[in-house]
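*Asks:* Test case, fold it:
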Amino acid sequence: MNNEEIKDTINLMSNNSNQTDKFATLNKVINEKTGNRNDNIMKTAIIQQSNNAGIDTNKAKLAKNIAECAKNGAELIVLQELHNSLYFCQVEDVNYFDLAETIPGPSTKFYGQLAKKHGVVLVTSLFEKRAAGLYHNTAVVFENDGSIAGTYRKMHIPDDPGFYEKFYFTPGDMGFHPIQTSVGKLGVLVCWDQWYPEAARMMALAGAEVLIYPTAIGWDMHDEEDERERQRDAWVTVQRGHAVANGLPVIAVNRVGTEEDPTGQSEGINFWGNSFVAGPQGEFLYEATTHKEENKIIKIDLKRSEDVRRIWPFLRDRRIDEYKEITKRFRD
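*Replies:* As a prediction, the model looks like this:
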């Protein structure tokens, strides 16, 4: 409830002389304004989308999907990695730096307006231009009033065939700090970060209530079916492991569909979708398909983390006195 709504409630209460009626009025207004919301339940929407070369088209489709999710009750909406465009990192081409934007900039204005219009917390993923020749892969989180709640610059940057991100992105320098929002404290990381237990642990130790991974990952078109299954299963398993090890829910949102290599040197990437939400014991709360666009709302019970951590107190039993050498590249 905002200040004006509180004033209206007080005025309504003052018109009732009976104390019982006053409390009944207060309860009625709170229920009407909040939808009788349980603060332990985070109504989270994931948007698994395919993209094309038209940035305006992609953004318009996202706007439509965000509106649909908000209409269906979402409080938190999570988008995939670099959702404005095709995944340009398949090739090294200086012209793609033209896609980068300042933060704040045109895209933060666009998504901030959507967050405010629909009254949702929105997790986005942008190609940030910090300065000439200095770029980042940056998650931007918007509060439900449209303001920027916080940002996170991707820390772990891959450089694999078809995923030449080191050419484009400078590693993040903001550390691992959860972003406080009206729906909770969000441990936002990005894609390649999801393979590193250290990143998830750092967010958990800073008080994150949920781990979030906007993602762009897929198969090489020449991968055999069994290799595809091994890769996808590993991707799901490692993130479910972060949920278990930290006693936190995990939200992973991937793009879907095949995107061609613009140089024609390869057959492109088949992004495997399979966006999912897992609970604090790694249990699936939802798992999307590998081949279709989807909007899905999942109810996440944040109180379960407290319950799980009481029976599995992993944070209590950490031997922090013996972990000093973990900061070395290799123990040789």
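*Asks:* all contacts plus neighbour counts: C-alpha atoms, from now on.
*Replies:* Will do.
*Asks:* quick one: contacts for the residue nearest the centre of the chain?
*Replies:* With distances taken as C-alpha atoms, centre = their mean, I212 lies nearest the centre of the chain, 4.0 Å away. Going by C-alpha atoms under 8 Å, 6 or more residues apart in numbering, I212 touches 186-190, 250-252.
*Asks:* and whichever strand in the chain runs longest, which residues are buried?
*Replies:* Secondary structure of the chain per DSSP state E: the longest strand is strand 121-131. For strand 121-131, burial by neighbour count (16 or more other C-alpha atoms under 10 Å) applies to 121-129.
*Asks:* packing partners for the top helix by length along the chain?
*Replies:* In the chain, taking DSSP state H as the definition, the longest helix is helix 225-246. Applying 3 or more C-alpha pairs under 8 Å, 6 or more residues apart in numbering; DSSP states H and E, one finds that helix 225-246 contacts helix 197-205, strand 250-254.
*Asks:* and the angle from the shortest one to helix 225-246?
*Replies:* Interaxial angle, strand 250-254 versus helix 225-246 (axes from the mean of the first three to the mean of the last three C-alpha atoms, to 10 degrees): 150 degrees.
*Asks:* Pull up the pairing partners for the helix or strand that comes right after strand 250-254, direction included.
*Replies:* Toward the C-terminus, strand 250-254 is succeeded by strand 256-259 as the next helix or strand (DSSP states H and E). Applying DSSP bridges, strand 256-259 is found paired with strand 269-272 (antiparallel).
*Asks:* Low-confidence stretches in the chain?
*Replies:* 1-37 (pLDDT under 70).
*Asks:* I'd like the contacts of I212 written out as TSV, with distance to S275 and neighbour count added.
*Replies:* Formatted as TSV, these follow (distance: C-alpha to C-alpha, whole Å; neighbours: other C-alpha atoms under 10 Å):
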residue	distance to S275	neighbour count
L186	18	22
G187	17	27
V188	15	29
L189	15	28
V190	14	26
V250	11	29
I251	8	26
A252	5	28
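*Asks:* closest to E81 among those residues?
*Replies:* V190 (7.2 Å; C-alpha to C-alpha).
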